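Participant: build me a model from this:
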Amino acid sequence: MATLLSALRSALYVLYLALTVVPWALAVLLASIVMRGDRIYWMCAGWLRVAIWGARVICGVRWRVHGMEHVPTAADSRSAVLLASKHQSTWETFAYPTLMPHPLAYVFKRELLYVPFFGWAMGRMDMIHIDRSRRNEAWNKVERRGRELFAKGTWVIMFPEGTRIARGQRGQYKTGATRLAIAAGVPVVPIAVTAAKCWPRKSFLLRPGMVDVSIGPPISPAGRAAEEMMREVETWIETEMQRLDPEAYAPRDKDSAQPT
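Facilitator: Below you'll find the predicted structure:
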């Protein structure tokens, strides 16, 4: 019965997203004719706020944030950081722009720009879209655009594992985030998030519950090598994930079901 209710609520939520994103994206496209920069960003973030509010009201997905004191405030426009987050779900990609006090620039594959309405609106924001098939060219673009964005007060956010990872699992942490932090001279702020408890990867079946977002102390890039710095980021994130969601990391028999 609970699964059926979750399925019905999830279907209603998907309909809610579709009905809200179309007019919002059209408004963004029209506004972008005369507006640029932060005003377009915060306009898009408004829909993301609507999206996670809908997940809470319709599907019961609540959240709490720990460690916000580790990021600069909105009043501190000169402090740039790079956010390096665990990636389990669509939820955190929606939520971070609504939680952080500064504009964020995601590094994402350019194919997302072709998603109707949602991708078109993304294309109007100052973010970093790359062609993953051209690795060297992609990295050069990330470094160049990252420096530009940091200089004007925008924070770059990256998911070191590169893709959404199942609950209780660990992906391969790649060094792109720490390479950029070292090149630009900005600290890395690690983030652990337990979104898969409520919104599993590659799924629109949402379950009620609490998502914990834990923000760690900034890690300075001074005198660091990218690989060694990323190991520190990974250690903090994965240790915090086990603290926040011990059920997902509990020892299991081989035949027992894995958390999703």
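
Participant: chain center to stretch 70-83, what's the gap?
Facilitator: 17 Å (Cα atoms, centre = their mean, to the nearest Å).

Participant: ah, wrong one, I meant stretch 196-210
Facilitator: Relative to the chain's own centre, stretch 196-210 is displaced by 15 Å; criterion: Cα atoms, centre = their mean.

Participant: buried residues in that stretch?
Facilitator: In terms of neighbour count (16 or more other Cβ atoms under 10 Å), stretch 196-210 has its buried residues at Ala196, Lys197, Cys198, Trp199, Pro200, Arg201, Leu205, Leu206, Arg207, Pro208. C-beta: built from backbone N, CA, C; applies to glycine.

Participant: for stretch 62-81, same thing?
Facilitator: Those buried within stretch 62-81 under the rule 16+ other Cβ under 10 Å are Trp63, Gly67, His70, Val71, Pro72, Ala80, Val81.

Participant: pLDDT check: weakest of the buried residues of stretch 196-210?
Facilitator: Of all the buried residues of stretch 196-210, Arg201 has the smallest pLDDT value, namely 90.

Participant: how close does it sit to Gly168?
Facilitator: 12 Å (Cβ to Cβ, to the nearest Å).

Participant: ok, Phe117 next?
Facilitator: In terms of Cβ to Cβ, Phe117 sits 34 Å off from Gly168.

Participant: and what of Phe159?
Facilitator: 17 Å.

Participant: Glu234 too?
Facilitator: 16 Å.

Participant: before we move on, the earlier item: more neighbours: Phe159 and Gly168, which one.
Facilitator: Phe159 (25 against 19; other Cβ atoms under 10 Å).

Participant: doesn't Leu82 make contact with the more buried one?
Facilitator: No - with contact defined as Cβ atoms under 8 Å, Phe159 does not count as touching Leu82 (11.7 Å).

Participant: output the helix or strand where Phe150 lies as CSV, nothing but the C-alphas.
Facilitator: Assigned by DSSP states H and E, Phe150 belongs to helix 135-151. Only the C-alpha atoms of helix 135-151 are listed here, as CSV (Å, rounded to 0.1, in the frame of the first residue of the first chain):
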residue,chain,number,x,y,z
ARG,A,135,38.7,15.4,-23.0
ASN,A,136,41.6,17.8,-23.4
GLU,A,137,39.4,20.5,-24.9
ALA,A,138,36.9,19.9,-22.2
TRP,A,139,39.4,20.3,-19.4
ASN,A,140,40.8,23.5,-21.0
LYS,A,141,37.3,25.0,-21.1
VAL,A,142,36.7,24.0,-17.5
GLU,A,143,39.9,25.7,-16.3
ARG,A,144,39.4,28.8,-18.4
ARG,A,145,35.7,29.3,-17.6
GLY,A,146,36.3,28.3,-14.0
ARG,A,147,38.8,31.1,-13.4
GLU,A,148,36.4,33.6,-15.1
LEU,A,149,33.5,32.5,-12.9
PHE,A,150,35.5,32.5,-9.7
ALA,A,151,36.8,36.0,-10.5
